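**Q** Show me how the following folds:
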Amino acid sequence: MNEGLHQAVQDSLPFLDALPVGLVIYDAGQRLVYANAAYAQLLGMPPGAFRPRSSQADNVRMIAYRGVFGPGDLEAQVASVLNLDLSVRRRIHRRRPDGRTFESHYVPLDGGAHLVCLVDTGAVMAMRDEAELAVSRVQMALYGLRIGLAVFGADRCLLIHNRQFTELLGLPSGPLKPGMPFTDMLQAMQGRDEYSGFDGDLFLAGQLGSDRTRPSSFRRQRATGQVIEVQSDPLPDGGWTMAVSDVSALTRAEDEARRRAGLLDSIVQHIPHGVAVYGPDRRVRMVNADYGRVMSGAPITVGETMKEVIRRRAWAGEYGPGDPEAIYQAQMAFDTGIMQQRRRTRPNGTSVEVRTSPLPDGGHLSVVTDITPLVAAQDELNRRAEALDAMLAHIRHGIILWGPDRRIVACNPMAASAINAPPGLLVPGRTLEEMVQSSLLRGNLGTGTEAEAMAARLLSRDRSQPHQDQRLTRDGRVLEVRSDPVPDGGFVTTYTDVTSIREAEAALQAARTRAEADNTAKSEFLAAMSQELRAPLLQMIEGSRTVQRAAMDPGAVRRAAADMAGAGQHLLATLDTLLDLARLEGGRFDLAKDRVDVPDWVVSCVRQADAAAAAAEISLDVSLHPGLPAVRGDARRLHQALAQVVAAAIQSTPPGGTATVRACLAPDGADGLLVEVARSGAAGLADAGGLALHLSRAVLRAHGGDIVLHASPGDGPMATLHIPSARLIPAAEPVQNSPAPKTQDPA
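**A** This next block holds a predicted model:
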């Protein structure tokens, strides 16, 4: 059977050598029968590396040690291939270390033989199914070469035979044993129903009377319709061989070469690629139907010369724009004596891949494949990659992708900006250790042992789990750093500048603190208001009781009435103050836009309090810095606010003490005007000011300022009235006052 296989391969060599796929055939003894040049080229092996009759084990080991199977235990790789069950068809996809990919198709043949078809899938993944179809047809053609083999000795007794021999002759394997005479085998065949009748007798008689010293060949059609061919060839020792071949799958033509040509033509006509065969004279010998489909608008016909085809296409713009004659010369310069592969875009917009392969007779094979879907897919991938790059380049987060080996795969420009990385640090291939060491040396991880501990934590962190922390950069920014794993064993580091978020949180906390302080102030205000209202009411109640007790004493009644009137006036003033405060805080109070001269304002308020200060036996001082600007605001309300603060200071100053009013611009670059009211003693101004002090604060806040109570170095408690710079008037601005407030001059 092996000899028959060798003969079948030899008969198909022109076709097999021209195939653009790798093909190797091993016989039942796992000895090499055939390997085409494409097989060695796809594996990266030198020409002639696979010698006829070499063992499969030696060839597989040679392939493994050339690194085709990639890294790993080479002998284990060899064993995995040699241990494959070659009785079943299988397909194995492999990737070479250089990135090229190919598929190995293992196809069992009769008698334990098998073939391996190697297909390069790197550039034509989209046409994989079509290529597999072509290989499958070739495999089917080779699988049809089912040859039965038997050897008889000089004594005309059976020496050896294979399973196909008995199957093709229609005999069970049991009766045929070594040493069995040839005549007994014919008698066993004669007893079978298949050989009954005239046709069977004629075939057996011909086998019995055949001269075994000369080659002979017989054909017969079995009852099942199967056609077998029995060939006999003499051996030097006087014996002979009998080869039985199943020829029912082949064409009915008598000429075996014509049959093979018809089979090849059938395969070529059905392969989903355009195929054109040129002879040694560079004339078209054959072209399949799919060639016209793939090369629509650029047909060729059998008998045309390659010059005629190329010249016509050059002038039609098939090879692109330019001088047609120059294009023609360039196309004719391609060497068809070697395998080549080219791509181009046709005038109709389709993309084709053209592969040429030399033929043994000096001609060549041209295979044209429509790769428009593949090119479109590649363009779409490129477009998506460009869109992804653009998105990563403009995203507000810094992103670094790390591989399983903790080396940088890709990063966006924002990542370098986020960590202030020097040029050349964030490049593909850079390790995590190098990046952490750079950050440590540049002080981005802190200083001293704390920085070294941080570096150690970053390097020992389990990157298969997500992590998140925050870091403070040297320039005061707050970075949120996230590490998240990716499916291939690597991880992604994301840097987000959260400085503004942290500032907003701090502002929110400050606002919360102010709100709590305002709430406390409101509580204090309610307590003060209660006291302010309770005192005059109690005074009025006590006056009423006095009137009742002293109804017959006119003097006592007048005094009680006077006290009640004073309490009523005080209560009315308190309610007016409360209403003003409510209008101010509710935003329903319109402020006048007066020009207020600061020295006049301060001196007027101090003069108003002189009498009270003298009655309380305290000193009242004024300190005005030179060059004070004017203020744009409600003159009457500002006068009322400052006067109430001064009055509160006088009320809380012990006899013999001092109260001081100072006006100046805010120091240290702060904006606005400051009016400070300080006095000696330990009691707080808020205890003395009560409701009036709350109204004063509301007036200042309505002007955009505030009143702050605090301790003053060297003095007692102090109240500071702050008026913002937006209320200050440049010296050159004209005066536009409302009517001046009426104040009482104590003098």
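**Q** switch to C-alpha atoms for all contacts and neighbour counts from now on
**A** OK.
**Q** pLDDT value on D518, please?
**A** At D518, the pLDDT value in this model is 66.
**Q** next one: phi and psi at A659?
**A** phi -120, psi 140 (degrees, to the nearest 10).
**Q** correct me, but it touches Q651?
**A** No: using CA atoms under 8 Å, A659 makes no contact with Q651, being 10.0 Å away.
**Q** of those two, who's got more company?
**A** Between A659 and Q651, counted using other CA atoms under 10 Å, the more crowded position is A659 (25 against 18).
**Q** what's the nearest residue to D488 if we skip its chain neighbours?
**A** P404 (6.7 Å; CA to CA, 6 or more residues apart in numbering).
**Q** what does S623 give?
**A** Per CA to CA, 6+ apart, closest to S623 is R662, 4.5 Å.
**Q** which residues touch that neighbour?
**A** Residues in contact with R662, defined by CA atoms under 8 Å, 6 or more residues apart in numbering, are 622-625, 675-677.
**Q** and what of V230?
**A** 217-219, 242-245.
**Q** Narrow these to just the buried residues.
**A** 242-245 (16 or more other CA atoms under 10 Å).
**Q** which one of the residues you listed sits closest to G633?
**A** S245 (118.7 Å; CA to CA).
**Q** Quick check, pLDDT for the closest one.
**A** 85.
**Q** again with V368
**A** 92.
**Q** ok so, going back, quick check: the residue nearest to D488 is in a strand.
**A** No: using DSSP: H, G, I helix; E, B strand; the rest coil, the assignment for P404 is coil, not a strand.
**Q** quick revisit: from the contacts of V230, which land in strands?
**A** 217-219, 242-245 (DSSP state E).
**Q** wait, which of the residues you listed is closest to A507?
**A** For the ones in strands among the contacts of V230, the nearest to A507 is S245 (94.6 Å; CA to CA).
**Q** Bridge partners for that closest one, pull those for me.
**A** Beta-bridge pairing for S245 (DSSP bridges): I147, E229.
**Q** Helices of the stretch 401-550 of the chain, start to end?
**A** 413-418, 432-441, 448-460, 499-549 (DSSP state H, counting those that start in this stretch).
**Q** if we can go back for a sec, in ChimeraX, how would I select the buried members of the contacts of R662?
**A** ChimeraX command restricting the contacts of R662 to the buried ones, with burial defined by 16+ other CA under 10 Å:
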select :675,676,677
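**Q** thinking again about what came up before, just give me how far the helix or strand hosting the residue nearest to S623 sits from the chain centre.
**A** For R662, the host element (DSSP states H and E) is strand 658-665. The chain centre lies 66 Å from the centre of strand 658-665; the measure is CA atoms, centre = their mean, to the nearest Å.
**Q** next one: stretch 397-416
**A** 11 Å.
**Q** how close does A57 sit to I63?
**A** Per CA to CA, to the nearest Å, A57 is found 10 Å from I63.
**Q** Look at those two and report which has more neighbours.
**A** Per other CA under 10 Å, whichever of A57 and I63 has more neighbours is I63, with 19 against 15.
**Q** residue contacts, the more buried one?
**A** I63 touches 43, 45, 69, counting by CA under 8 Å, 6+ apart.
**Q** and which of those is nearest L118?
**A** L43 (8.8 Å).
**Q** Now the phi/psi pair for the closest one, please.
**A** Dihedral angles (degrees, to the nearest 10) for L43: phi -90, psi 0.
**Q** residues touching the nearest residue to D120 once chain neighbours are set aside, list them.
**A** Nearest non-adjacent residue to D120, counting by CA to CA, 6+ apart: F102, 4.4 Å away. Residues near F102 by CA under 8 Å, 6+ apart: 93-95, 118-122.
**Q** I'd like those residues as TSV, with distance to S438 and neighbour count appended.
**A** As requested, those are exported to TSV (distance: CA to CA, whole Å; neighbours: other CA atoms under 10 Å):
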residue	distance to S438	neighbour count
H93	43	12
R94	40	17
R95	37	15
L118	49	25
V119	48	24
D120	44	22
T121	43	18
G122	40	14
